[in-house]
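Asker: Mind looking at a prediction? Sequence and model below.
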Amino acid sequence: MFPIKFVRENIEYLKKAGSLKKINVDWEKFEILEKQRRALIQGIEKDRQKHKETNDEFLENKKKGINNQKLLDYAKSLSSGIKTGEKTLSDIEKQIDAIIETIPNIPHSSVPVGETTNDNVIIRTWGEIKEKEFNILPHYEIGKKLGVLEMEKGAKITGSFFPVFAGNGAKLIRALINFMLDIHSKNGFKEVWVPAIVNRKSMFGTGQLPHLEDDMYKIKDDDYFLIPTAEVPVTNFYREDIIPEDNLPQYFCAYTPCFRREAGAYGKETRGLIRLHQFDKVELVKFVQPENSYDELESLVKEAEIILQLLNIPYRVVLLSTADMSFSSSKCYDIEVWAQGIKKWLEVSSCSNFEAFQARRAEIRYKKKDGKTDFVHTLNGSGIALPRVLVAIYENYQTEKGTIKIPDVLIPYMGIDEINGG
RNA sequence: GGAGAGAUGGCUGAGUGGACUAAAGCGGCCGCCUCGAAAGCGGCUGUACCCAAAAGGUACCGCAGGUUCGAAUCCUGCUCUCUCCGCCA
């Protein structure tokens, strides 16, 4: 979200940003409303000044015992005029805000301009994609066979796309969460435990609201939301705060469950664990000085990659083109793992630099050494989302005899080296 | 869930209808003094908006309304914090 002044002064630039991201903004209406707004403010402020002066005169006269009826009447008329003006103004400002809220963040100059997801650029690929000589079962079949994944149980308890993991399946999730948090906190990310339910202001601060309201689970009675990602509570940690520059940068990691309604996303592409209403994720969040934010993005991606390298899962890093990146980000890398059973690249992490876009919405500032305050840059990335990593482990680590080997780094967490049953 | 107390600038804290242009102190910045520093002395001090800029102006005392010519101050609703009671893993 941009301040109105910035929008006014950079209108051509922002128009371009909107068209790159394929988002329509009603610029004509904006310009009309903005003109009206300024004229109105000038009128109101002039009247307020007159009103003040009239009141001063009224008081003087009162002290001298002079009859004041005329002044009183004048002040009354000014006062009621100001009130109507203020009402109109707030109405216009609401309309302007509604338009500004639809302006997406500006893509960085290093982001490829594209028309479709095909214009994304593969930056690097890691690991070896082996051809296996036996028939690998898709994760949902091997999971069911071994009794570690029970989709039907979840559907009974709640609804479809709420999985149940049992026995070693459940244990593997716990192992992955602990493993990831251990790595990140060793690498300088402060571990935080945060609420999985947040208020409207927090959802607005990170940019999920207003346009994604239908994708979220809502607690109506309290106007709270179940978080779709830990990005929301962790970034809002510093909402409306001013951080001393000496305390920057700040790195956080957090495990939370994530909840997404995924309205209208059902289909055969989503069989098994690919798309869920509830899933687990370890998230990385950074608050940094603006001048460092693109270097910080690179190291954030590397931090997420470490997890996959240690798990020995082949992956590739993809730079999203302007057509595929999210509303709030300036630059975004996706990390995709190779799942050998279903033979697909699966997105397991999305690492973004939001520059000051979220910081402005959430009013996250820092006090510079020269005493001035400015908005920080915020970044976040998954490090990593669990279900699709599970898909890769279930499939890539599958053996010919129908068991799942445990990746070496997880053996200390699991206490076993192979899953041969729930 | 019930009862009570509270929310004022970076911080502490005064202010119960008009001189509030928000006192005072702390902190911070600049200057004087000093070889340098401390102390002391003097000055400065927030955010946003309007105006091409400057000068100037306007708004902001938890949030939203209301009363009034005039509200930090009075009224109503809400949010949050604290204390006590109830309930609870």
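Answerer: Sure, I can see it. Keep in mind that this is a model prediction, so the values were computed, not measured.

Asker: how about the residue in the stretch 201-350 of chain A positioned nearest to RNA strand B, phi and psi?
Answerer: Residue of the stretch 201-350 of chain A nearest RNA strand B, by Cβ to the nearest atom of the strand: A:I242 (6.9 Å). (C-beta placed from N, C-alpha, C; glycine too.) Main-chain dihedrals, A:I242, degrees, to the nearest 10: phi -120, psi 120.

Asker: For it, report the pLDDT, please.
Answerer: Predicted confidence (pLDDT) for A:I242: 76.

Asker: got a list of what the spatially closest residue to it that is not a sequence neighbour touches?
Answerer: Sequence neighbours aside, A:R365 is the residue nearest to A:I242 in space, at 4.8 Å (criterion: Cβ to Cβ, 6 or more residues apart in numbering). The contact partners of A:R365, taken as Cβ atoms under 8 Å, 6 or more residues apart in numbering, are A:241-243, A:359, A:373-376.

Asker: what pairs with A:R365 across the strands?
Answerer: With DSSP bridges as the criterion, A:R365 is bridged to A:I242, A:F375.

Asker: quick one: A:K15 is in a helix?
Answerer: Yes. Counting by DSSP: H, G, I helix; E, B strand; the rest coil, A:K15 is part of a helix.

Asker: Share the number of residues neighbouring it, please.
Answerer: 13 (other Cβ atoms under 10 Å).

Asker: ok, the nearest residue to it once chain neighbours are set aside to A:R37 distance?
Answerer: Nearest residue to A:K15, sequence neighbours excluded (Cβ to Cβ, 6+ apart): A:W27, at 6.2 Å. For A:W27, the distance to A:R37 equals 15 Å [Cβ to Cβ, to the nearest Å].

Asker: sorry, back to before: now, of the contacts of A:R365, which are buried?
Answerer: Taking 16 or more other Cβ atoms under 10 Å as the criterion, what is buried in these is A:243, A:359, A:375-376.

Asker: Past whichever helix in chain A runs longest, which element shows up next along the chain?
Answerer: Counting by DSSP state H, the longest helix found in chain A is helix A:27-64. Next helix or strand after helix A:27-64 toward the C-terminus (DSSP states H and E): helix A:69-100.

Asker: what's the helix or strand that that following helix is followed by in contact with?
Answerer: Later in the chain than helix A:69-100, the nearest helix or strand by DSSP H and E is strand A:121-126. Residues outside strand A:121-126 that contact it (Cβ under 8 Å, 6+ apart) are A:112, A:305, A:308-309, A:314-319, A:321, A:333.

Asker: What residues of strand A:121-126 count as buried?
Answerer: A:W126.

Asker: Now find how far off-centre that strand is within its chain.
Answerer: Computed by Cα atoms, centre = their mean, to the nearest Å, the chain-centroid distance of strand A:121-126 equals 23 Å.

Asker: ok, it: who's next to it in the sheet?
Answerer: Strand pairing (DSSP bridges) places strand A:121-126 next to strand A:315-319 (antiparallel).

Asker: Partner strands of the helix or strand that the strand it pairs with is followed by and their direction?
Answerer: Once strand A:315-319 ends, the next helix or strand along the chain (criterion: DSSP H and E) is strand A:331-339. In the sheet, strand A:331-339 lines up against strand A:315-319 (antiparallel), strand A:344-353 (antiparallel) (DSSP bridges).

Asker: Compare the ones you listed and give me the one nearest A:K405.
Answerer: Closest to A:K405 of the strands paired with strand A:331-339 is strand A:315-319 (Cβ to Cβ; 18.4 Å).

Asker: Pull the closest one out as CSV, backbone CA atoms only.
Answerer: Coordinates of each C-alpha in strand A:315-319 appear next as CSV, following Å, rounded to 0.1, in the frame of the first residue of the first chain:
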residue,chain,number,x,y,z
TYR,A,315,15.1,-29.0,-6.1
ARG,A,316,15.2,-26.0,-8.4
VAL,A,317,15.1,-22.3,-7.7
VAL,A,318,12.8,-20.3,-9.9
LEU,A,319,12.6,-16.5,-10.3
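
Asker: Return the two entries of the contacts of A:R365 that lie farthest from one another.
Answerer: A:D241 and A:D374, at 13.4 Å, using Cβ to Cβ across the contacts of A:R365.

Asker: can I assume A:D221 sits in a helix?
Answerer: Yes. Assessed by three-state DSSP, A:D221 belongs to a helix.

Asker: okay, now it: neighbour count?
Answerer: 6.

Asker: A:Q358 contacts A:T206, doesn't it?
Answerer: Yes. Between A:Q358 and A:T206 there is a contact under Cβ atoms under 8 Å: 5.5 Å.

Asker: Touching both of these two, which residues are there?
Answerer: Contacts common to A:Q358 and A:T206, judged by Cβ under 8 Å, 6+ apart, are A:235, A:328.

Asker: who's in contact with A:L284?
Answerer: Here A:L284 is in contact with A:184, A:189, A:251-253, A:300, A:303-304, A:351, A:380-383 (Cβ under 8 Å, 6+ apart).

Asker: Oh, that last question was meant for A:G143, not what I typed.
Answerer: Per Cβ under 8 Å, 6+ apart, neighbours of A:G143: A:149, A:169, A:272-273, A:394.

Asker: out of those residues, which are buried?
Answerer: Buried members of these, scored by 16+ other Cβ under 10 Å, are A:149, A:169, A:272-273, A:394.

Asker: coming back round to it: how close does the residue nearest to A:I242 get to RNA strand B?
Answerer: For A:R365, the distance to RNA strand B equals 9 Å [Cβ to the nearest atom of the strand, to the nearest Å].

Asker: re earlier: dump the contacts of A:L284 into a markdown table; add pLDDT, secondary structure and neighbour count as well.
Answerer: Formatted as a markdown table, these follow (pLDDT from 0 to 100; DSSP: H, G, I helix; E, B strand; the rest coil; neighbours: other Cβ atoms under 10 Å):
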| residue | pLDDT | secondary structure | neighbour count |
| --- | --- | --- | --- |
| A:H184 | 97 | helix | 25 |
| A:F189 | 96 | coil | 23 |
| A:Y251 | 94 | strand | 20 |
| A:F252 | 95 | strand | 22 |
| A:C253 | 96 | strand | 24 |
| A:L300 | 97 | helix | 26 |
| A:E303 | 97 | helix | 22 |
| A:A304 | 97 | helix | 24 |
| A:C351 | 97 | strand | 27 |
| A:N380 | 96 | strand | 25 |
| A:G381 | 96 | strand | 24 |
| A:S382 | 96 | strand | 26 |
| A:G383 | 92 | strand | 31 |
